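Asker: fold the following for me, if possible:
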Amino acid sequence: MNHSIIINSIGTATPGASKILSDALKVPQDYILKLLYNAPSILFQKVDKNTALKAEDTLTKLGLDISVYKEDDKFDLTTELVDISVSFENVLQLPKVTEQLATFLGCKQSEALNLLLNNPSIVLGNVSVATAKALQKRIDANVHYSNPKKDSYTILINDEIGSSELKNIENQLKKAIKKEEDVYVIEDVSYNNSQLLWRKYQSKKTVKLLNQSHQLVHIVMNEFDLNNQKHVSFLVNKVGLPEVILEDVKNALPITLFENINRKNAEEIMGSCIEMGMTVDLKREVNFKKKIQIEDIEDFENVTKVLSQFIAKEDLPKEGTKNWESKEAIPSIIARYLLAQLEQLMCNPEII
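Answerer: Purely as a prediction, here's the structure:
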């Protein structure tokens, strides 16, 4: 009886497995990579049982998740193609995650880092859900995936655009346009409408699209009730605030409860907060490059050591300096990574 060999997912294999299979099967490596990242997919059909079992053993040793089916077995190869992004609960994991992602993608660490520097950090596109789930198991970061054609988009428009052209966009999308900092912002735009706008303006670099399923946002709390046990329980158990400081927190409102979290997750949290009677807002960034400011440099050697990872030598603080501000804006994830290290040095750092 004939058998089929199905790749269920890339599993724990590296893209190097595609080179081995490409050489063995005499087919282009790109074709094998497509089979791996778009799994489930058929690798072999109509092979005898012994060949199928030997292939299964070899492929499993490479780390692939494999199934063998008889010719009269039914199997489902339908899969939804998704985009995958990565976000961090602990930004200090950036070097480790960069290495893990490079291994998964089969690329240089510098290339993996460049993917993570994007906002949002889309690291793979048009791949299967199985690939997204495989990546979730292999990196120390949050992995988000969604079908881009079903998603909503935020459109950022350069403020140099003419007023008549801006009005045309507003009429075309039937959406209100808001000015935030130095850009115009439209939210909740469909995939089809966002693509029409992108094709029209991409050559002018006037428009930036943000997939809201991968967007990072902040949740700001404006009001809560100290006498409401649900509010207190949420702030203590979910946010991690000590109960003894809640009165001080109330006096300091508004405060940011969560920073740089996936928008879908944020909307779920906000829904729970609103349901229990708390007043919260969702805040999103439109500027994806930041500067760092330090106001109390005591440990000069270690402060400059941290900064020198991503700041040019000529722009580092001069010895004896107490206050410092970066000359150039840097990608926000790098600013967050440096800030987390500087905070351990008690030098009063801040992202501006």
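
Asker: now do residue 202 against residue 194, distance only.
Answerer: 11 Å (C-beta to C-beta, to the nearest Å). Any C-beta I mention is one placed from the backbone N, CA and C, and that applies to glycine too.

Asker: if you could redo that for residue 346, that was the one I meant.
Answerer: With the distance defined as C-beta to C-beta, residue 346 ends up 45 Å from residue 194.

Asker: the more surrounded of these two?
Answerer: More neighbours surround residue 194 than the other of residue 346 and residue 194, with 22 against 10 (other C-beta atoms under 10 Å).

Asker: what sits against residue 184?
Answerer: 156-159, 161, 166, 177-178 (C-beta atoms under 8 Å, 6 or more residues apart in numbering).

Asker: what are the phi and psi angles of it?
Answerer: Backbone geometry at residue 184, expressed as degrees, to the nearest 10, gives phi -100, psi 140.

Asker: bridged to residue 67, which residues?
Answerer: Beta-bridge pairing of residue 67 under DSSP bridges involves residue 6.

Asker: correct me, but it touches residue 8?
Answerer: Yes: using C-beta atoms under 8 Å, residue 67 makes contact with residue 8 at a distance of 5.7 Å.

Asker: more neighbours: which of these two?
Answerer: residue 8 (16 against 13).

Asker: next helix or strand past the helix or strand hosting the more buried one?
Answerer: Residue 8 belongs to strand 3-9 when assigned by DSSP states H and E. Remark: after strand 3-9, the chain's next helix or strand is helix 16-25, criterion DSSP H and E.

Asker: give me the buried positions along that next one.
Answerer: With burial defined by 16 or more other C-beta atoms under 10 Å, the residues of helix 16-25 counted as buried are 17-18, 21-22.

Asker: next one: stretch 116-132
Answerer: Within stretch 116-132, the residues that count as buried by 16+ other C-beta under 10 Å are 116, 119-124, 127-132.

Asker: going by distance to residue 91, which of those residues wins?
Answerer: The closest of those to residue 91 turns out to be residue 116 (C-beta to C-beta; 10.4 Å).

Asker: list the helices and strands the helix or strand harbouring the closest one packs on?
Answerer: Here residue 116 sits within helix 109-117, counting by DSSP H and E. Here helix 109-117 touches helix 94-105, strand 122-128, helix 332-343, going by 3 or more C-beta pairs under 8 Å, 6 or more residues apart in numbering; DSSP states H and E.

Asker: residues contacting residue 187?
Answerer: Residues near residue 187 by C-beta under 8 Å, 6+ apart: 152, 154-155, 175, 212.

Asker: would you say it is within a strand?
Answerer: Yes: applying DSSP: H, G, I helix; E, B strand; the rest coil, one finds residue 187 inside a strand.

Asker: got the contact list for the residue minimising distance to the centre of the chain?
Answerer: Residue closest to the average C-alpha location in the chain (C-alpha atoms, centre = their mean): residue 86, at 3.0 Å. By C-beta under 8 Å, 6+ apart, the residues touching residue 86 are 97, 101, 116, 121, 123, 139, 141-144.

Asker: any idea which of those residues is closest to residue 320?
Answerer: Using C-beta to C-beta, the contacts of residue 86 come closest to residue 320 at residue 116, 35.0 Å.

Asker: from what I see, the closest one and residue 99 are in contact.
Answerer: No: applying C-beta under 8 Å, one finds residue 116 not in contact with residue 99, separated by 11.3 Å.

Asker: all helices of the stretch 201-350 of the chain, in order?
Answerer: 229-233, 246-251, 263-275, 300-307, 332-343 (DSSP state H, counting those that start in this stretch).

Asker: same for the last one, what does it pack against?
Answerer: For helix 332-343, the helices and strands in contact under the criterion 3+ C-beta pairs under 8 Å, 6+ apart are helix 109-117, strand 289-290, strand 292-294, helix 300-307, strand 349-351.

Asker: hmm, back to that, which residue in the buried residues of stretch 116-132 has the weakest pLDDT?
Answerer: Going through these one by one, the lowest pLDDT turns up at residue 119, 91.
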